[in-house]
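Chemist: sequence and predicted structure, then a few things I'm wondering about:
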Amino acid sequence: MKKLAKKYDAKLKAYDPKKMYDSKEAISVVKKNATAKFDETIELHIRTGCDSKYAEQQIRGSVVLPAGTGKKVKILVFAKDAKADEAKAAGADYVGADEYAQKIQSEGWLDFDAVVATPDMMGTIGKLAKILGPKGLMPNPKTGTVTADVKKIIEELKAGKVEYRLDKQNLIHCPLGKASFSEDKLEQNLDALMNAIVKARPQSLKGTYLKSITITSTMGPGVKLNTIKYGV
């Protein structure tokens, strides 16, 4: 533990934790501090001025990151008949109906990263809301994961589609890619994600929308991002 603490302290000394960096500088600092033996995930954390208690201030959406996430995504699709065949052909990892619902309910099985459902399967999916919801895995029309066009959503998820949503602490957390990505690719992903979140500002919100934006790696300290570039 002492060794890890010393490494973390050294990372803190490598930059100014009080300074707000522009996107290029912030990404550069975060990449330099991603020194773990594994390929760390680069993450975006936003503190908003929203209040999650109010439905009109909820934020939820998705965006395809231009450079992908660097992660192999396992997809579970709830579909039947022709749509099930379409999902299998599109590359879904698991395709089925009641059998997978039962597996999740009785075994606590969660060996997947995303769940897609055709509209006719919502009766089955509804029973799983208490399990999938808290983990951010519940299919939702707003993010395109409840759809008849299963081929399109599977291709988008495999290509790097990520979901952003407001949590109970009024924060948004989202992956930007891997530490092994080039700075340019990480910046492309950051811009795509930030542009989507800025557009998702609730109309009813008064005052500051995005109070602070931080970029970090799995094992590294957070680097504050200057919000001016994004007009907030």
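Modeler: Structure received.

Chemist: how is this structure partitioned into domains?
Modeler: 16-68+161-230, 75-158 (automatic domain parsing).

Chemist: turn those domains into JSON lines, including mean pLDDT.
Modeler: Converted to JSON lines, the domains of the chain look like this (pLDDT from 0 to 100):
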{"stretch": "domain 16-68+161-230", "mean pLDDT": "93"}
{"stretch": "domain 75-158", "mean pLDDT": "95"}
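
Chemist: point to the residue nearest the middle of this protein.
Modeler: residue 174 (3.7 Å; C-alpha atoms, centre = their mean).

Chemist: just give me how far the helix or strand containing it sits from the chain centre.
Modeler: Applying DSSP states H and E as the criterion places residue 174 in strand 171-178. A distance of 5 Å separates the centroid of the chain from that of strand 171-178, by C-alpha atoms, centre = their mean, to the nearest Å.

Chemist: partner strands of it, parallel or antiparallel?
Modeler: strand 41-48 (antiparallel) (DSSP bridges).

Chemist: go through the strand it pairs with and flag the buried ones.
Modeler: Going by neighbour count (16 or more other C-beta atoms under 10 Å), the buried part of strand 41-48 is 41-44, 46, 48. To be clear about C-beta, it is placed using only N, CA and C from the backbone, and glycine gets the same treatment.

Chemist: which residues touch it?
Modeler: Residues outside strand 41-48 that contact it (C-beta atoms under 8 Å, 6 or more residues apart in numbering) are 27, 30-31, 34, 59, 70-71, 166, 170-179, 181, 186, 190, 193-194, 197, 209-218, 222.

Chemist: tell me the buried residues within those residues.
Modeler: Among the contacts of strand 41-48, those classed as buried by 16+ other C-beta under 10 Å are 27, 30-31, 34, 59, 70, 166, 170-172, 174-179, 181, 186, 190, 193-194, 197, 209-210, 213-217, 222.

Chemist: just the ones of the residues you listed in helices?
Modeler: 27, 30-31, 186, 190, 193-194, 197 (DSSP state H).
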